[in-house]
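Participant: can you look at this prediction? I've put the sequence above it.
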Amino acid sequence: MTSPGPVTASDVRTAVALALDALEQATDLDWQVPAADLNWTVWETVEHIADDLFAYAGQLSPEREPLTSYVPFAWTRRPDGPALTVWVKPEDGVAGLLQVLDASGGLLAALVEIRPPHRRGFHPFGVSDPEGFAAMGLVEVLAHMHDVAGALGLTWQPPADLCDRVLWRLFPDAPRDGDRWAVLLWATGRGTLPGRGRLKSWRWYGETRPQQR
């Protein structure tokens with residue numbers, strides 16, 4: 001099959017903008033309710049998205065490539081919550097949280113845009129390149145927004161072309177046909193497909209493949 005094209009900095013910006021547009025419709029709702037199928041709250045899940053976008057930017061930022069571990073930014077964990085380097089003070093409210101999400105997405109997009117294709121950075125699912133980290137950022141936004149939208153009663157239907165590029169880059173074993181959002185939900189353990197049950201465990205493959213080098 002023909003590649004749908006690379007995942008780009010523009011894709012990161014688009015995904016974050018779509019997430020912000022959706023979340024801004026729910027600023028008056030309770031963000032302390034659990035996100036769908038997670039132990040984290042909606043607030044913590046959005047913090048997690050922002051934190052991962054920041055972390056992926058951090059893996060692309062150093063001139064001396066971090067190939068064996070994450071850049072060691074300090075982190076903390078709330079009881080039953082995600083481990084976070086980036087978090088938001090409750091008194092800054094939902095508006096502050098959304099601004100942090102916006103900023104973290106901008107950081108990743110900027111690093112993806114300026115780093116050359118041969119740049120590499122560590123990730124547990126494979127040492128990756130700027131496109132790979134862009135795709136990982138998209139998974140965090142698209143999949144976790146599904147969790148958040150389910151809890152807040154929001155509609156979340158990302159564009160098929162975004163989903164297709166992410167699937168091509170990170171999920172080589174995913175079906176190449178069918179509704180691309182449904183396939184991405186299946187690949188991330190969040191849905192079923194005809195003849196394919198919900199995955200109990202899943203991962204992506206961030207390492208570059210021969211055609212990507």
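Facilitator: Great, that's in hand.

Participant: going forward, measure contacts between C-alpha atoms and count neighbours the same way
Facilitator: Will do.

Participant: and the strands in the chain?
Facilitator: Secondary structure of the chain by DSSP state E: the strands cover 76-77, 83-84.

Participant: and the last one, what does it pack onto?
Facilitator: In this structure, strand 83-84 packs against helix 42-60, strand 76-77, with contacts taken as 3 or more C-alpha pairs under 8 Å, 6 or more residues apart in numbering; DSSP states H and E.

Participant: can you tell me the strand partners of it and which way each runs?
Facilitator: Applying DSSP bridges to the sheet, strand 83-84 is found paired with strand 76-77 (antiparallel).

Participant: spit out the contact partners of the residue nearest the centre of the chain.
Facilitator: Among the residues of the chain, the one closest to the centroid is E140, at 1.7 Å (C-alpha atoms, centre = their mean). Residues near E140 by C-alpha atoms under 8 Å, 6 or more residues apart in numbering: 49, 52-53.

Participant: who touches the lowest-mean-pLDDT helix or strand in the chain?
Facilitator: Across the helices and strands of the chain, mean confidence by mean pLDDT, DSSP states H and E is lowest for strand 76-77: a mean of 94. Strand 76-77 is contacted from outside by 83-85, using C-alpha under 8 Å, 6+ apart.

Participant: so how far is it off the chain centroid?
Facilitator: The chain centre lies 19 Å from the centre of strand 76-77; the measure is C-alpha atoms, centre = their mean, to the nearest Å.

Participant: swap in stretch 55-70?
Facilitator: Centroid separation for stretch 55-70 versus its chain: 17 Å, with C-alpha atoms, centre = their mean.

Participant: and for stretch 183-196?
Facilitator: 17 Å.

Participant: what does that stretch contact?
Facilitator: Contacts of stretch 183-196 (C-alpha under 8 Å, 6+ apart): 143, 163, 167, 171, 174-175, 182, 197-203.

Participant: next step: the residues you listed restricted to helices.
Facilitator: The members of the contacts of stretch 183-196 that map onto helices under DSSP state H are 143, 163, 167, 182.

Participant: most surrounded residue in the residues you listed?
Facilitator: Highest neighbour count within the ones in helices among the contacts of stretch 183-196: L167, with 25 neighbours (other C-alpha atoms under 10 Å).

Participant: was I right to think it contacts D177?
Facilitator: No. L167 is beyond contact range of D177, at 10.8 Å (criterion: C-alpha atoms under 8 Å).

Participant: minimum distance to G93: which of the helices and strands packed on strand 83-84 has it?
Facilitator: helix 42-60 (9.7 Å; C-alpha to C-alpha).

Participant: and the closest one, what does it pack onto?
Facilitator: Going by 3+ C-alpha pairs under 8 Å, 6+ apart, helix 42-60 lies up against strand 83-84, helix 93-114, helix 130-152.
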